[in-house]
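1. next one to model:
(2 chains)
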Amino acid sequence: MTAGSTTRIAVSLALIAGAAAYAVMGAIQRSGVPDEASWDQAAQVVREGWQDGDLIVFAPAWAHAGAPRFQGLHADIAELPDWYEAAKHPRVWVVAQAPHREPVPPYGWQALARTETGGMTVHLWTPPADQPLVWDGLASIRDAKVAHGDGPARQECTTWQNNRWSCGAAHPWQNVGRVSRDIQGRERTVIWAHGRDNGDPLEIRWPGVPAGRTLTIHVGLTQRAIEQAAGAPVVFEVRVGDRVVVQRTLGFNEGGWFRHDVDVTGQGALDVTVRIVTKSNPFRQLCFTADVWG
Amino acid sequence: MRVAPTRRDAAVGAALAVLTFALLAATLDIGFSRDESFYFSAAEQYAGWYDILLTDPGKAVSKESIDHFFAYNGEHPALPKMLFGASWRLFGQMHDPATEPWSRAWYHQGQPPETILGWFSESTAMRLPALLLASFLVFAIYLFGVEFLGRRAALFAALGWMFQPHAFWHSHFACFDVPVTAMWFLTAWAFLKSMPAPGEPRQRTHWKWALLTGLALGLALNTKHNAFFFPPLAFLWWVIARRHEFGASLEGPGLRLRIPPIPLAFFAMLIVTPVVYLALWPKLWHDPITHLKFYISFHAKHEYYWVYYFGTLFTKPPFPLPFPFLMSAMTIPGTTVLLFAAGTLRLFKEHLVRTGARFSTTLARAAQRFPVREPGVILFIFLNFLIPFAVIAHPKVPHFGGTKHWLHGVPFACLMAGVGFEVLLDGLKALADRMGDWLRSRTVRVAGAALALLLFVAPAAFDTLTDTADGSSYYNAFAGGRAAMGELGMQREFWGNSSYSALPWINESLPPNSRVDFHDTTWDAVRMYWRDGALRRDVVPMWDYNAADVFLFHWHKEFTDIEADCRDAYHAEVPSFVAAPGGVPLLDAWRRAPAKPTGKTP
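-> Just a heads-up that it's a prediction; the model follows:
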C-alpha cells in the first residue's frame, strides 16, 4: 500500500462523510420547519392567554410564516428582533421554531411560561419590572412644538395633518411625524424629522416631559438615505432644559441606529428639545425616538 | 485523451435529456418572473410578423414592418423571443373572443390569433423552446464529458447540472439564461472539437466543427450578450495553451516570429458569426449601426439592481467581489459543491505535479499515475467556468441579486465536479483493493459506484424536486437551507414570481371584483395568469396599494418600507396570507379591514 492510495482513500471517505452529513443536515433543517398544526396550536396558546398591551414576536424574527393565524393581535414581523421596543409592552409572546426554538430572554427579562406546540414552542416573557416606560416621544408627537429657523427667522410649524407636523402647507416629506422605515437592518416605527436645507435648523420640543431616571434617545438615517449619493452630514442635538445632553453628527452615508442614555434622575419634569441641522438636505431622512424610563 | 463518444454514449446522453425534459414538463407550475413576462409580451408581438412573412415576404422585411413588430424589447436579441412566439402560435391554445369577449384585454392589440394545434397552454407553448434547449444542454454536457474527461465524470457532470434548484427553476422560463447557457456550451464544445490535439494534423472534420463554432456563436450572440465574452476567452485559452509554440528569433536581417496554427474557428467567428448574427436579428437589417449603438449603450450603462447579501443591502458599486462564487457555493446542492472542490483540488494538484515533472523524476513518476488528459482541455474547462463568474464578480458590474447571470459557467463547474466524482471512485477502488478479493469483482464495484452516485445525486435531486415553484429561493444545507435567507440576510425571491403561490388564496378567499396590488408581478404576467386560467378573471389588478383591497408584498429587503406603509394604511397587524417555502416568507398578502383585535379564540 502506498501513501498515495491511503490519501486517496482518506479523501473518498471524507467526501462520503461530507455527503452523509449534508443529507442529515438537510433532513434536520426540513424537520425544523413547523407544520400547519404546530402553527394552529401556537396561535391557540397565544389567544387563550392574550391580554391587552401584549406583543407577539417570532423567533427567529424573520419566521412569520404562520402570522395570519394571529389576525387581530399586535405582532412584530420585522426580520430582526428589537428588544428595546418590545420592552415597552407589559408582556411579550415569543413564538419560536428551529433553529431558535429555545431563545434566551434578554438581560433583565423574566420567562413566565413555556408551552410546546408540536414543532414550535411558545414562550411568554416580561420586560424588567423596575424600569417602567414613563414617556414615549413617538406616542406624544401630537404634543410636540415643532419649529424651524433661529432668531427673527424662527417659525412655528403648526400644520397637523395625517399625524405629522409641517411648516406651512402640509408637506409630503419635509415634516415631523410617525413613520415606519428601514433603519439599521429592520423596519422601525420612529419619528421622521427630515433635515431642512442650507443649515436651517429644525427643532422639536416637548415641554413638561414626566420625570424619570433615564432619557433614551435612538437616532439614525434611513436605509434610503444612506444609499443615496446626496445631501450632507446631519448634526443631531438633544437638550434637556438648556443643557446639551446628546450631540452627534451623522455622516454622509453613515448607517446605524445609535443609542444614547442620559441620566435625568432627580430633575423633575423635563423640557426636551431635539435639533437637526444640515447644510444640504436631499435624502437626509433622519429618524429618532425619545423615551423616558423610570 | 479524446474518446469519441459511441452510440451508446449518445443513447445515455439522450436518455438524460429526455429525463430532464420530463422533469421540467412535470413541474411547469412555476409563476412568471418579471423578465419572463416581458418576453411573453415580446414573443406575442414578434409572432405577428410571421403572418406578414407568410403572406407578403417583401413587406415583412421592410423597415416599416420590422420597426412595427420588433419595436418592443430591442435591448435584447430577437431570436429567443421569435422562437417562443413561433412555438406559442403553433402549439398554444388561444382564447376565443367570440365566446369569451373579456379575453380580448389579455392579448396584444386586443386580438388573439387563431389556435393552430392547441396542444399546450399558452405559457407552456411559449416555454417549450427553452425546455428543449435545457434538455439538449444535458445531452451536450454528457457527451462533452465522455469525450474529454471520461464516462464517470460525464455522468456526474450531467446529473450535477440537472439537479440544481436554481438552474432547474431557470430552465423552465421563456427567458434567455438557460438558452444562452446551452448555446455557449455548444459553442465551446464545437470550438474544442475544431482544434486538433497537439501534434495532430488538421482534418476535414475540424473544418466542420470550426464552421459549427461560428454558427453556434452566432446563435449564442443572438440569444444573449453574455456570448460576447466567448471569443476573448477562446483567444486567451489559445495563447496560454499554445504558449510554448510562440516564439521570436533573429534570423538574417530581421526578426522572425513563430506562432502556432491559428484555430480555424477564429476565422469562422469572424466570418460566419456576424452573418448569423445579422441574419437572425431583424432590427439589424435596416439600420444596424444605430441599433447596435443603442444595444451596447443599454448594457454598458445598465442600472444597478439591489443586492441583499449577508445582511447588507448593496445598491451601488462597489458590489461584493465574492458574490457569484459564494452565491453558487450556497445555492448549488452541497454534494455537488463537495465534488467540485475535490475535482478542482485534484486538477490543481495534477497541474502542479505535471509542471514539476519537468524538473523532478519523483514528480515525473507521480505524474504518470494521473489520467492522461489532452493538454489544454482542463484549462479550457476552467476558463469557461471562471470567466462568466469573474465578469459578474467585478465590483462595478451590476450584480442583480440572483444567480442566473453566470449560469453559463456552471456546466463547466459541473464537469470539474465530475472530476471530483472520479476522485471519489478512485479512492473507493483503492479501499476495495485494500479490503480483499471479495470486493474486487466487477459487480461489486459497479454497485459501489452506483451507491456513491446515489449518495451524491439523491440529496441534490431531492432539493431540486421539492418546492420547485420557488427554486430561486433555495440555499443548500451547508448554508443553513432556505432558512439562510432569514438567518444570514440573503436575497429571497428573484423576481416577481411569488404571487403565483398566492393565486389559490386569491381565487378562493377574495370577494368578487377584488382589487389586488400585484406589487412586483407585472401586468404581462397577470395577463398570462388569466390566459392560463390560473387567476379569476374578475380580479382587478393594480399597482397602488392605497387603491387596492389586497397588497401582494414580494419580500425584498429594498421594499420593506412599502410593506410598512401598507400595513399602516390597511390598519393590519399581520398579513392574511404568507407564502413561505421552507418557512421563510417570500410573499405577504395584506388585506384591508382586518378583524377587530380580540384575545378570544374565534
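2. next, the residue in chain B that chain A sits nearest to: secondary structure please.
-> In chain B, the residue that lies nearest chain A is B:Gly427 (2.6 Å; Cβ to the nearest Cβ). To be clear about C-beta, it is placed using only N, CA and C from the backbone, and glycine gets the same treatment. Of the three states, B:Gly427 takes helix under DSSP: H, G, I helix; E, B strand; the rest coil.
3. residue contacts, it?
-> Contact analysis of B:Gly427 by Cβ atoms under 8 Å, 6 or more residues apart in numbering or on different chains lists A:Arg8, A:Ile9, A:Ala10, A:Val11, A:Ser12, A:Leu13, A:Leu15.
4. for the last one, what is the enclosing helix or strand?
-> Per DSSP states H and E, A:Leu15 falls inside helix A:3-31.
5. centre of the chain to that helix, how far?
-> 42 Å (Cα atoms, centre = their mean, to the nearest Å).
6. also stretch B:20-33?
-> Here stretch B:20-33 is found 14 Å from its chain centre; the criterion is Cα atoms, centre = their mean.
7. quick revisit: okay, buried residues for the helix holding A:Leu15 please.
-> A:5, A:8-9, A:11-12, A:15-16, A:18-19, A:22-23, A:25-26, A:29-30 (16 or more other Cβ atoms under 10 Å in any protein chain shown).
8. do stretch B:283-295 as well
-> When burial is assessed from 16+ other Cβ under 10 Å, stretch B:283-295 yields the following buried residues: B:Lys283, B:Leu284, B:His291, B:Tyr295.
9. which outside residues touch the helix or strand of chain B with the lowest mean pLDDT?
-> Least confident helix or strand of chain B, by mean pLDDT, DSSP states H and E, is strand B:247-251 with a mean of 85. The contact list for strand B:247-251, computed with Cβ under 8 Å, 6+ apart, reads B:Leu255, B:Arg256, B:Leu257, B:Arg258.
10. let's see 10 Å
-> Residues from elsewhere that reach strand B:247-251 (Cβ atoms under 10 Å, 6 or more residues apart in numbering or on different chains): B:Leu255, B:Arg256, B:Leu257, B:Arg258, B:Ile259, B:Pro260.
11. ok, and of the residues you listed, which contact chain A?
-> Among those, no residue sits close to chain A (Cβ under 10 Å from any Cβ of the partner chain).
12. and which of those residues is nearest B:Thr181?
-> B:Thr181 lies nearest to B:Pro260 out of the contacts of strand B:247-251, by Cβ to Cβ, at 29.8 Å.
13. so the closest one, which of the three states?
-> Under three-state DSSP, B:Pro260 falls in the coil class.
14. separation between the residue nearest to it when sequence neighbours are not counted and B:Ala367?
-> In space, and not counting its chain neighbours, B:Pro260 is closest to B:Glu245: 3.6 Å by Cβ to Cβ, 6 or more residues apart in numbering or on different chains. Distance, B:Glu245 to B:Ala367, using Cβ to Cβ, to the nearest Å: 21 Å.
15. with neighbour numbers in mind, choose between the two.
-> B:Ala367 (17 against 12; other Cβ atoms under 10 Å in any protein chain shown).
16. list the contacts of that one.
-> The neighbourhood of B:Ala367, defined by Cβ under 10 Å, 6+ apart, consists of B:Glu350, B:Leu352, B:Val353, B:Arg354, B:Thr355, B:Gly356, B:Ala357, B:Arg358, B:Ser360.
17. where's the residue of the stretch 151-294 of chain A found nearest chain B, which helix or strand?
-> Chain B sits closest to A:Ser180 of the stretch 151-294 of chain A, with a gap of 3.5 Å, by Cβ to the nearest Cβ. In the assignment (DSSP H and E), A:Ser180 maps to strand A:175-183.
18. put the alpha carbons of that strand into PDB.
-> Taking Å, rounded to 0.1, in the frame of the first residue of the first chain, the C-alpha atoms of strand A:175-183 are listed here in PDB:
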ATOM      1  CA  ASN A 175     -42.400  67.100   8.100                       C
ATOM      2  CA  VAL A 176     -42.200  65.700  11.500                       C
ATOM      3  CA  GLY A 177     -44.300  62.600  12.400                       C
ATOM      4  CA  ARG A 178     -44.700  58.900  12.900                       C
ATOM      5  CA  VAL A 179     -43.500  56.600  10.200                       C
ATOM      6  CA  SER A 180     -42.000  53.100   9.800                       C
ATOM      7  CA  ARG A 181     -38.700  53.000   8.000                       C
ATOM      8  CA  ASP A 182     -35.900  50.500   7.300                       C
ATOM      9  CA  ILE A 183     -33.100  51.600   9.600                       C
END
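19. which is the next helix or strand following that strand?
-> Downstream of strand A:175-183 (by DSSP H and E), the next one is strand A:186-193.
20. figure out how far that following strand is from the centre of its chain.
-> On Cα atoms, centre = their mean, the centre of strand A:186-193 falls 8 Å from that of its chain.
21. that strand to strand A:175-183, inter-axis angle?
-> Angle, strand A:186-193 to strand A:175-183, by axes from the mean of the first three to the mean of the last three Cα atoms, to 10 degrees: 160 degrees.
22. strand partners of the very next helix or strand once past strand A:186-193, parallel vs antiparallel please.
-> Using DSSP H and E, the helix or strand that directly follows strand A:186-193 along the chain is strand A:202-209. Strand A:202-209 pairs in its sheet with strand A:145-148 (antiparallel), strand A:270-278 (antiparallel), by DSSP bridges.
23. can you dump the C-alpha atoms of the first one in CSV for me?
-> Coordinates of each C-alpha in strand A:145-148 appear next as CSV, following Å, rounded to 0.1, in the frame of the first residue of the first chain:
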residue,chain,number,x,y,z
LYS,A,145,-43.8,72.0,19.5
VAL,A,146,-42.1,72.0,16.1
ALA,A,147,-40.3,75.0,14.7
HIS,A,148,-37.5,75.9,12.3
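24. would you mark the buried spots in it?
-> Going by neighbour count (16+ other Cβ under 10 Å), the buried part of strand A:145-148 is A:Val146, A:Ala147, A:His148.
25. repeat that for the last one.
-> The neighbour-count criterion (16+ other Cβ under 10 Å) identifies A:Leu270, A:Val272, A:Thr273, A:Val274, A:Arg275, A:Ile276, A:Val277, A:Thr278 as the buried residues of strand A:270-278.
26. mind listing what's buried along stretch A:97-108?
-> Residues of stretch A:97-108 classed as buried by neighbour count (16+ other Cβ under 10 Å): A:Gln97, A:Ala98, A:Pro99, A:His100, A:Arg101, A:Pro103, A:Pro105.
27. with respect to B:Glu100, which of those residues is nearest?
-> B:Glu100 has its nearest neighbour among those in A:Gln97, at 45.5 Å by Cβ to Cβ.
28. residue contacts, that closest one?
-> Contacts of A:Gln97 by Cβ under 10 Å, 6+ apart are A:32-34, A:38-39, A:42, A:58-60, A:63, A:65-66, A:117, A:119-121, B:483, B:583.
29. next, residue 83: phi, psi?
-> With no chain named, the answer covers chain A. Torsion angles at A:Trp83 (phi, psi; degrees, to the nearest 10) stand at phi -70, psi -20.
30. that was the other one, I meant chain B.
-> phi -70, psi -40.
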